[in-house]
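Engineer: got a predicted structure here, sequence first:
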Amino acid sequence: MRATELIYFAGCPHIAAAREQLGRALAEANLAPVWVEYQTDDPGLPDYARGFGSPTILVDGKDVAGSSPGECADSCRLYRDESGRQVGVPPFQIILAALRASMIHHA
């Protein structure tokens with residue numbers, strides 16, 4: 001599996017919750033709690049990861065929620081949870097599904 005990446009802007013109010021969700025999903029998938037973090041203004045941020053809102057989780061270079069990058073790198077990002085409510089972090093189930101799909105693809 002290619003790196004799991006967490007993209008966020010400095011001061012993002014949802015970064016702690018995103019880290020917690022990502023850690024839980026990795027544990028559930030029986031993967032080490034390891035990922036790469038980039039801030040949206042980091043010069044080392046790969047081109048494919050530019051333009052996403054904060055926080056964004058990428059698995060194999062793809063957004064776990066299926067979105068494409070845009071012009072919102074310095075804005076908060078909203079997701080829909082299992083009940084359809086707007087939340088500030090990717091839901092656990094979509095992170096887990098992306099991790100499991102990556103494991104199957106790379107098996």
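Structural biologist: It's in. Numbering: from 1, shown residues only.

Engineer: which SS class is the spatially most central residue of the chain?
Structural biologist: Of all residues in the chain, the one closest to the mean position by C-alpha atoms, centre = their mean is Ile57, 0.8 Å from it. State at Ile57, reduced to three classes by DSSP: H, G, I helix; E, B strand; the rest coil: strand.

Engineer: am I right that it is in contact with Arg77?
Structural biologist: No: between Ile57 and Arg77 there is no contact under C-beta atoms under 8 Å: 10.2 Å. The C-beta positions use only the backbone N, C-alpha and C, and glycine is treated the same way.

Engineer: thinking again about what came up before, tell me what the residue nearest to the centre of the chain is bridged to.
Structural biologist: Leu6 (DSSP bridges).

Engineer: burial count for Pro55?
Structural biologist: 27 (other C-beta atoms under 10 Å).

Engineer: er, Ala49 I mean
Structural biologist: Ala49: 20 neighbours (other C-beta under 10 Å).

Engineer: give me the nearest residue to it, chain neighbours excluded.
Structural biologist: Ile7 (5.5 Å; C-beta to C-beta, 6 or more residues apart in numbering).

Engineer: how many neighbours does the one you found have?
Structural biologist: 28.

Engineer: and it, how close does it get to Ala32?
Structural biologist: 20 Å (C-beta to C-beta, to the nearest Å).

Engineer: just the helices in the chain please.
Structural biologist: For the chain, applying DSSP state H gives helices covering 15-28, 92-105.

Engineer: now those in TSV, with mean pLDDT and mean neighbour count?
Structural biologist: Shown next, in TSV, are the helices of the chain (pLDDT from 0 to 100; neighbours: other C-beta atoms under 10 Å):
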stretch	mean pLDDT	mean neighbour count
helix 15-28	97	18
helix 92-105	92	17
